[in-house]
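Asks: Test case, fold it:
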Amino acid sequence: AWGVPGGLNSWLPEPVGDGPQAELWFGAHPNGPSPLAGRPGTLVDVVDPIEVPLLVKLLAASKPLSIQIHPKAELARTLFAEQDPNDPLLPDDRAKIEMLIAIEDFEVFAGTRSPELAARLLAAADPRLVPAAEELLRAGFPAAVAAVMALPRLEIPELSDAVLRIAPTVGLDPAAVTGLRIAAESFPGDPGVLVAVLLAHDVLAAGEAVYLPAGVAHAYIRGFGLEVMTASDNVLRLGMTPKRIALADALAAVDPAAQPQRLGDVADEPGAIDYRPTAAPFEAIALRTSAMTVAAGTYRMVLAVTGPVSVSGVGAEIVLAPGEAAVVLATEPAIDVAATGLGFVIMASLGSGSAAEDGSNRS
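Replies: Got it, this is the predicted structure:
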């Protein structure tokens with residue numbers, strides 16, 4: 001429902017109408033393994049999914065996604081093993097760690113806002129929000145979320161309006177106020193709008209990126225970009241959605257020590273931008289009318305976004321049209337990639353282990 005009307009048609013073999021289009025997946029996750037180009041079947045018919053450790057998506061958002069927490073590996077395994085098979089909470093037992101690269105400007109909530117600023121905003125908006133402000137300063141983000149989610153649903157629209165009225169006077173910049181207003185208009189009466197008050201707001205220009213280790217609260221607002229993530233579809237939600245809210249599990253997944261990382265640069269010249277987050281299990285390189293050699297020894301995926309992208313070194317040269325990707329396994333040789341327009345090379349990090357799996361700062 002949050003997708004852009006017809007927003008991915010340019011990357012599909014054939015347009016599929018003008019309804020909302022949100023995600024175009026490239027990977028082997030069982031929720032949506034990628035179809036093969038030019039022949040029947042999907043990626044899992046020709047490779048072992050274990051050899052495809054990453055999931056890549058073109059993402060088109062016209063309004064906010066849900067506020068999300070992705071569990072670390074240990075919690076994901078526990079929740080997956082203990083869940084009711086008739087009412088599953090998670091589709092897999094892996095950590096979901098992701099990076100969003102803006103292809104066009106992309107507005108996001110990522111990580112937490114200054115506690116002092118968020119508490120001042122809540123307390124100034126309405127006396128009924130003072131307990132949440134106090135919990136934020138006393139016990140942190142999870143306690144404040146629990147206080148907000150306990151408010152009577154009938155009071156949420158009035159409280160959201162109060163927050164929007166007072167926000168410009170307590171230090172929020174105009175873009176952050178607009179982000180909250182978009183959330184309130186998209187999800188009237190949803191307590192997640194008040195959770196968004198606790199989140200940091202940012203606008204990524206084309207070429208800029210944000211890396212989100214497991215345990216970081218976030219919600220994408222609007223824009224067009226590329227998501228790179230571990231091969232997981234695990235989402236625990238904290239609002240701004242009609243979907244299931246697993247409050248206790250989501251709050252248990254919050255890692256106060258995990259922080260977003262800003263990467264990249266504004267993309268306006270030919271060349272390469274390298275996105276290599278600290279301790280991440282992957283990296284990505286954007287090629288804009290440029291070329292590179294990619295060494296062997298790790299999983300690689302090459303994706304064409306605009307203009308053709310050629311891949312050579314694994315037999316006959318492959319020329320990818322926009323919306324097509326080539327998978328090169330770790331056991332295959334080095335490749336040469338040349339982009340006419342914009343292409344991406346996405347790689348699993350060499351030697352990534354449990355530290356990278358959880359997105360921790362250990363190395």
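
Asks: do you know how far Glu324 is from Leu79?
Replies: According to Cβ to Cβ, to the nearest Å, Glu324 and Leu79 sit 35 Å apart. Backbone N, C-alpha and C define where each C-beta goes, glycine included.

Asks: no no, Ala176
Replies: From Ala176 to Leu79 the distance is 33 Å (Cβ to Cβ).

Asks: Could you do Leu238 as well?
Replies: 15 Å.

Asks: which of those two has more neighbours?
Replies: A side-by-side neighbour count of Leu238 and Leu79, using other Cβ atoms under 10 Å, places Leu238 first with 28 against 20.

Asks: what's the burial count for the nearest residue to that one once chain neighbours are set aside?
Replies: Counting by Cβ to Cβ, 6 or more residues apart in numbering, the nearest residue to Leu238 once its immediate chain neighbours are dropped is Ile67, at 4.2 Å. When neighbours are defined as other Cβ under 10 Å, Ile67 has 27 of them.

Asks: Read off the pLDDT value for Ile67.
Replies: Looking at Ile67, its pLDDT stands at 98.

Asks: Also the one 5 residues further on?
Replies: The predicted structure scores Lys72 at 95 on the pLDDT scale.

Asks: What count of nearby residues applies to it?
Replies: 22.

Asks: Ok, Pro308 next?
Replies: Around Pro308 there are 15 residues (other Cβ under 10 Å).

Asks: How about the one 3 residues further on?
Replies: By the measure other Cβ under 10 Å, the count of residues near Val311 is 24.

Asks: Please apply the same query to Val56.
Replies: When neighbours are defined as other Cβ under 10 Å, Val56 has 22 of them.

Asks: In contact with it, which residues are there?
Replies: By Cβ atoms under 8 Å, 6 or more residues apart in numbering, the contact list for Val56 reads Trp25, Phe26, Gly27, Leu226, Glu227, Val228, Met229, Met301, Leu303, Ala325, Phe344, Ile346.

Asks: Relative to Leu43, how far out is it?
Replies: To Leu43, Val56 is 12 Å away according to Cβ to Cβ.

Asks: can you check Ile101 too?
Replies: 22 Å.

Asks: Please apply the same query to Ala76.
Replies: Distance, Ala76 to Leu43, using Cβ to Cβ: 23 Å.

Asks: so what's Leu58 up against?
Replies: Leu8, Trp11, Glu23, Leu24, Phe224, Gly225, Leu226, Glu227, Val305, Gly323.

Asks: what is it paired to in the beta sheet?
Replies: Counting by DSSP bridges, Leu58 is bridged to Leu24, Leu226.

Asks: Okay, it and Ala175: tell me how far apart.
Replies: Here the criterion is Cβ to Cβ. By it, Leu58 lies 24 Å from Ala175.

Asks: try Lys63
Replies: Lys63 sits 16 Å away from Ala175, taking Cβ to Cβ as the criterion.

Asks: These two - which one has more neighbours?
Replies: Set side by side, Lys63 and Ala175 show more neighbours around Lys63, with 18 against 11, by other Cβ under 10 Å.

Asks: So what's the residue count around the closest residue to that one other than its chain neighbours?
Replies: Distance criterion Cβ to Cβ, 6+ apart; nearest residue to Lys63, sequence neighbours excluded, is Ser186 at 4.5 Å. Residues within reach of Ser186, counting by other Cβ under 10 Å, total 19.

Asks: what does the one 10 residues further on give?
Replies: The burial count assigned to Ala196 is 30, neighbours taken as other Cβ under 10 Å.

Asks: residues in contact with it?
Replies: By Cβ under 8 Å, 6+ apart, the neighbours of Ala196 are Ile67, Phe109, Gly179, Leu180, Ala183, Ala219, Gly239, Met240.

Asks: Quick check: of the residues you listed, which lies closest to Ile166?
Replies: Here the nearest of the contacts of Ala196 to Ile166, counting by Cβ to Cβ, is Leu180; it sits at 10.9 Å.
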